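Colleague: After the sequence you'll find the predicted model.
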Amino acid sequence: MTTYYINVRQYVHRCPAEPNRHHVIQRQQTIVATTPGGPCLKPISVQGQEFPCGRIAVYENQCAACKTQVVVNHVDTIDLGFQGAAELVAAAYQDTLFEAHQ
Ligand SMILES: [Zn+2]
Ligand SMILES: [Zn+2]
């Protein structure tokens with residue numbers, strides 16, 4: 001079982017559409033550590049070549065070594081404060097906050 005530990009950075013704000021603090025879509029995930037699962041326990045042979053089952057089989061059929069899991073190590077929540085139309089237009093030049101809502 002390969003384990004990926006990730007840090008998540010998420011953003012919240014308030015805006016005219018929803019005065020209560022809420023999540024915006026923008027979200028960053030960073031892998032901070034990996035624990036390798038080790039060699040495949042049931043490699044699959046394709047045209048005479050062996051591949052780890054994790055590269056070919058669907059998740060349910062993968063061996064214990066190939067399966068992966070993601071563990072959230074840390075979550076940062078950043079409050080962008082109130083963002084009305086003017087703030088969102090300004091932020092769109094920097095990143096993708098403009099698409100914050102759907
Ligand atoms: Zn909003
Ligand atoms: Zn495997």
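Modeller: Yes, it's here. Ligands and ions are numbered 1, 2, ... in the order given.
Colleague: how about the strands in this protein?
Modeller: 2-15, 18-35, 44-46, 49-51, 68-82 (DSSP state E).
Colleague: mean pLDDT lowest for which of those?
Modeller: Note on the strands of the chain: strand 18-35 shows the lowest mean pLDDT, a mean of 90.
Colleague: and that one with strand 2-15, angle?
Modeller: Angle, strand 18-35 to strand 2-15, by axes from the mean of the first three to the mean of the last three C-alpha atoms, to 10 degrees: 160 degrees.
Colleague: Strand 18-35 packs against which elements?
Modeller: Using 3 or more C-beta pairs under 8 Å, 6 or more residues apart in numbering; DSSP states H and E, the elements in contact with strand 18-35 are strand 2-15, strand 68-82. Placement of C-beta: from N, CA and C, glycine included.
Colleague: At the geometric centre of the chain, which residue sits there?
Modeller: Geometric centre of the chain, nearest residue: Gln29, 4.7 Å, by C-alpha atoms, centre = their mean.
Colleague: Bridged to it, which residues?
Modeller: Going by DSSP bridges, Gln29 is paired in beta bridges with Val8.
Colleague: picking that back up, for ligand 1, find the nearest of the strands of the chain.
Modeller: Among the strands of the chain, strand 2-15 comes nearest to ligand 1, with 3.3 Å by C-beta to the ion.
Colleague: Send me the closest one as CSV with only the CA atoms.
Modeller: The C-alpha coordinates for strand 2-15 follow below in CSV (Å, rounded to 0.1, in the frame of the first residue of the first chain):
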residue,chain,number,x,y,z
THR,A,2,1.6,3.2,-1.1
THR,A,3,0.5,6.1,1.1
TYR,A,4,0.6,9.7,0.0
TYR,A,5,0.5,12.3,2.7
ILE,A,6,-0.9,15.6,1.5
ASN,A,7,-1.2,19.1,2.7
VAL,A,8,-4.4,20.9,1.7
ARG,A,9,-4.7,24.6,1.4
GLN,A,10,-8.3,25.8,1.1
TYR,A,11,-9.9,29.2,0.8
VAL,A,12,-13.0,30.7,2.3
HIS,A,13,-14.6,34.1,1.8
ARG,A,14,-17.7,36.1,2.1
CYS,A,15,-19.4,37.8,-0.9
